[in-house]
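Undergrad: Have a look at this prediction, sequence included:
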Amino acid sequence: ALSAFHGTSPAAARVLLVTPGGRRCDGAHGSYFMTKALQTKIHLARSRGWALWLVGDERTAAAAAATGGVLSDSTASGGVASLLLELHRACEAGTLLAGVARIEWILWMGADVLVEGAGLALPFDELTSGVRTIHVLLAALATNSAHDGEGGADADTPATAFKEADPGFLLLRVDGWSTRLISAWLEDLTLSQRAQQTPDEAGIGGADDITALLGLLRWESQWRAHAHVARSPPLMRDWADTAVSPLISFRRCGLCAADQESSLPPTRAAECQAALLRAFTHADDAFLQLIDAEHAAAGSVHVRPVESRPHDGWLPRHRGGLAACLPKLLVVGSQRSGLASLHAVLKRHSPPHLRLAAGERDLHFFSMDNRYKEGLLQYQQKFHPDSTRLRECAHASHDGVDVSSTYFDYPKAPSRIAAVLPWSRIVLVLREPVQRTLSAFNFRWLTWLCGRAIWSRPDCWAAITNEESVRANQVGPFQMHAALKLFRSCASKQGALRHGCLQKDYAIKFRNKSLAEIEQLQACELNVDPGGPDQWEGCLGLRAFTGPKQIRKAMEDSAFIWRSTYAIHLRGWLQLFPARLLSVFDPEELLDPQSEELQRLFPGLSSGIQAMSRTRENSRLYVVDRKDLPQDVMRMLEIWLRKYNCQLAGLLEAHGLGGESLSNLPWLAKQMQGERGTAFTDCAGLAINSRR
Ligand SMILES: Nc1ncnc2c1ncn2[C@@H]1O[C@H](COP(=O)(O)OS(=O)(=O)O)[C@@H](OP(=O)(O)O)[C@H]1O
C-alpha cells in the first residue's frame with residue numbers, strides 16, 4: 001500500500017492539516033528550527049490548497065493569521081485527542097469552514113516533523129476503494145530501531161518497538177467510524193497520563209496521546225481492521241535514515257531543553273541538528289518552486305522569492321501580510337554618507353504618505369541583536385506608535401521609511417531584512433569611498449578624544465578644557481583612559497589643547513589603523529576574493545561576535561576601509577534581493593534641488609527642497625587636512641579602494657543599477673573615465689570579474 005503514496009493526486013480531497021502552531025523552546029536555536037518546521041507545513045498546506053488549523057495560544061493565532069492559515073485555535077487544552085474529536089464532530093456536522101470547504105480528511109502532523117520535499121502524495125483513492133476501507137493512516141517511527149521496515153497494525157511487532165515511537169503523522173477520515181475511534185482513544189487515555197501533561201504540551205506536543213492510539217490500533221481488532229500503521233519510508237523517516245521521504249522527524253534532536261530526557265546523547269543530538277540544517281539547506285527545489293521561492297545561491301541556506309514572478313504566488317502574499325505596517329523602504333547606508341542630510345530632507349519635506357520612525361534615525365533594528373530580539377511589534381511601533389498588534393495599524397497604506405547607517409554592512413542585517421521584508425525597496429547611499437573612510441576615521445578619532453561631547457559641536461576638541469570635561473564625557477573606562485592620556489600629553493598649561501599635538505596624534509593613529517586594516521584585508525583577499533560578504537566576514541572575524549557591543553566596536557573602531565569596499569557588500573545584497581528593488585544614490589545629489597533621482601525615489605518630495613540646498617547635516621571638522629595626512633598611506637587607501645570601485649562599476653552595470661554611464665554615482669563615473677587606459681589598466685578586467 002505504501003508504494004501507492006507516490007503519484008496519487010490529492011487534488012480532489014478536502015484536507016484539514018492540523019499542526020502545533022509553533023513550539024517555543026528555551027534556546028533560540030530550537031525555537032528557530034521549530035518555526036522553520038512549522039513553515040514547511042504551512043507551505044505544504046498552502047501549496048495543496050488544504051485548510052490549516054494551527055493549534056496553540058494567542059501568539060500562534062497571530063502567526064496563523066499572518067501566514068494565511070484559515071483558522072486557529074486558542075482554546076485547545078485537552079490534548080491532541082480531544083482537539084481531534086472536536087474537529088471531527090464539527091466537520092461531520094458541517095460547521096467547520098461551512099460554505100468554504102467540505103473536509104473529508106483530517107491530517108495531524110507533530111511539531112517536530114519537517115516537510116522536506118514536494119513528494120508527499122497521500123493515497124486517498126486507495127484508502128477509500130481498497131479491499132478493506134482504511135479510515136486511519138498513522139506513520140510512526142519506532143525510535144529504538146530506525147530500520148524496522150514497513151509494517152501494518154496487524155504485523156507481529158514486539159511491543160517495545162512502539163514503546164517510544166515517534167508518531168508524527170496521523171490521517172483520519174472524517175466519518176462516524178473515526179469519531180468512535182477517537183472517543184475510544186480518549187477514554188483509553190488514563191487520567192494520570194493527561195495529568196502529567198502541562199496544558200502547553202497537551203495542546204502542542206501530543207506525542208504521548210498518539211502513542212496511546214497506537215496501542216489501541218495494535219491490540220483491538222475492531223480498530224485494527226480499518227487502520228494502517230506505517231513505520232518506515234517512503235512516507236516519513238527518522239533524521240538518521242538516508243532513505244528518501246518527504247517527511248522527516250526530528251523528535252529526539254534535543255532542540256528544546258524540555259525534551260532533554262527523551263533526546264539523544266549530546267554527540268548524536270549534534271549530528272541530528274546538523275542533519276536538520278542540511279535538510280533546510282538542501283530543501284527540494286521542486287518544493288520551493290511550488291511556493292515561488294528559490295535558493296539564493298546553490299547550496300545556500302537562504303531562500304528568496306522567485307524573481308520572475310514577483311507579485312503572484314503565496315510567498316509575496318505571506319510577506320505582504322507580515323509587512324503590512326513595517327517600512328516599505330529602507331535607506332541602509334553606508335555609514336558617514338550623508339544619511340543625516342537625507343533624513344533631514346525627508347523629515348522636513350516628506351509627503352503625507354511617508355512615515356519616518358517617529359522622527360528617529362538609526363534604529364539599528366536589524367543590525368543589533370538586542371534590538372532585533374525586541375521583536376517586530378516593537379519595530380512596528382516606531383512607525384505606528386499606537387499599534388498594539390503586529391500587522392494592525394491605522395495607516396497600513398503609508399510608506400514607512402527606515403534610515404539606518406548600519407544595515408548595509410553589519411553582518412546579520414541584510415539577511416534579516418531579506419527574511420522579514422523581502423519586498424521592501426532598498427536605497428544605498430554611497431559616498432566617494434576615500435572621503436567616506438576619512439569621515440569615519442575622523443568621527444571615531446573625535447569620539448576617542450571627546451566622548452559624548454562630539455554630539456554638541458563639530459570641533460569638539462575645543463570643548464575639552466580640563467580633565468573634568470574629559471571624565472564627564474567619556475563612555476567607558478578604557479576610552480576614558482586613552483582620552484585622558486591624550487589630553488595630558490596635548491594640553492597646554494592653560495588647559496587648552498595644542499592643535500599641533502592633536503594633529504600629530506591624529507596622523508599617527510590614522511597611519512596605524514589604516515596599515516593594520518589593509519594588512520588584514522590583504523590577507524583575506526588572498527583567500528576569498530572575489531567572494532561574498534559571508535566569506536570576508538568569516539575571514540575578518542566579524543562573524544564570531546555574540547553581543548551588540550562587540551560587533552559595534554569592531555565595525556566602528558577598526559573597519560574604516562572595509563566599510564568602503566562597497567562592491568563586496570553589494571554582492572551580498574544582490575544575493576538576497578532582486579536588483580529592481582535596489583537603488584544606489586550619490587549623497588551629493590542631495591545638494592541638487594532639481595535631482596531627478598531624489599524625486600524618483602521619494603515621489604512627492606518636491607516642495608521646499610530648495611531650502612535644503614548645500615546643507616551638510618552631521619558634518620564634523622577635521623583636525624588635520626587631507627593633504628597633511630601621510631601621503632603613502634593615502635595612496636595605499638586610494639589604490640585599495642579603486643580596485644573595489646572597479647568591481648562596483650561592473651556590478652552596477654551588470655545589474656542595470658548605475659544608470660546611463662554610471663550617472664547615478666558621478667564620483668564613480670569620473671573615476672572610471674580616469675582609469676581607462678591610464679594608471680589602472682586592469683580595472684576593466686576587475687569589473688568583469690565582479691559580475692560573477
Ligand atoms: N549631501 C551630502 N553629500 C555628501 N556628504 C554629505 C552630505 N550631507 C552630509 N554629508 C557628510 O556626510 C557625513 C555624515 O554622514 P551621515 O549623516 O551618514 O553620518 S552617520 O553615519 O549617520 O553618522 C559628514 O561627513 P564629514 O563632515 O566628512 O564627516 C557630512 O558632512
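TA: Now that the structure is in, tell me what you want to look at.
Undergrad: Helices of the stretch 401-550 of the chain, residue ranges please.
TA: Ranges of helices in the stretch 401-550 of the chain, per DSSP state H, counting those that start in this stretch, are 413-420, 433-450, 467-473, 477-490, 499-528, 533-540, 548-558.
Undergrad: Now tabulate these in CSV and tack on mean neighbour count.
TA: No exception for glycine: its C-beta is placed from N, CA and C like everyone else's. CSV is the format used below for these (neighbours: other CB atoms under 10 Å):
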stretch, mean neighbour count
helix 413-420, 20
helix 433-450, 21
helix 467-473, 15
helix 477-490, 15
helix 499-528, 15
helix 533-540, 20
helix 548-558, 16
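Undergrad: a markdown table for those, including distance to His384 and mean pLDDT?
TA: Converted to a markdown table, those look like this (distance: least, CB to CB, whole Å; pLDDT from 0 to 100):
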| stretch | distance to His384 | mean pLDDT |
| --- | --- | --- |
| helix 413-420 | 16 | 85 |
| helix 433-450 | 32 | 96 |
| helix 467-473 | 36 | 89 |
| helix 477-490 | 37 | 91 |
| helix 499-528 | 41 | 95 |
| helix 533-540 | 32 | 92 |
| helix 548-558 | 25 | 92 |
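Undergrad: of all those, which lies closest to Thr388?
TA: With respect to Thr388, and counting by CB to CB, the nearest of these is helix 413-420 at 19.3 Å.
Undergrad: Let me know the angle separating the closest one from helix 533-540.
TA: Interaxial angle of helix 413-420 relative to helix 533-540 (axes from the mean of the first three to the mean of the last three CA atoms, to 10 degrees): 140 degrees.
Undergrad: what stretches of the stretch 51-200 of the chain score poorly on pLDDT?
TA: 56-78, 97-101, 117-118, 130-131, 142-167, 190-200 (pLDDT under 70).
Undergrad: Do a quick rundown of the strands in it.
TA: Secondary structure of the stretch 51-200 of the chain (DSSP state E, counting those that start in this stretch): strands at 51-55, 71-73, 105-109, 113-115, 136-141, 166-173.
Undergrad: Okay, now the sheet partners of the first one, with direction.
TA: Spelled out, it's strand 51-55. If you go by DSSP bridges, strand 51-55 pairs up with strand 15-20 (parallel), strand 71-73 (parallel).
Undergrad: next one: whichever helix or strand comes after the first one to chain centre, how far?
TA: From strand 15-20 onward toward the C-terminus, using DSSP states H and E, the following helix or strand is helix 28-48. Centroid displacement of helix 28-48 relative to its chain, using CA atoms, centre = their mean, to the nearest Å, is 14 Å.
Undergrad: Okay, the spatially most distant residue from the centre of the chain and Cys460: tell me how far apart.
TA: Residue farthest from the centre of the chain, counting by CA atoms, centre = their mean, is Lys493 at 55.6 Å. Distance of Lys493 to Cys460, given as CB to CB, to the nearest Å: 22 Å.
Undergrad: for Asp402, same thing?
TA: In terms of CB to CB, Asp402 sits 28 Å off from Cys460.
Undergrad: again, but for Arg252
TA: Applying CB to CB to Arg252 and Cys460 gives a distance of 59 Å.
Undergrad: ditto for Asp529
TA: In terms of CB to CB, Asp529 sits 38 Å off from Cys460.
Undergrad: So these two - more neighbours on which side?
TA: Shown here are Asp529 and Cys460; by other CB atoms under 10 Å, Cys460 has more neighbours (21 against 17).
Undergrad: Quick check: closest non-adjacent residue to the more buried one.
TA: If the residues on either side of it in the chain are set aside, Cys460 comes closest to Cys450, at 3.8 Å by CB to CB, 6 or more residues apart in numbering.
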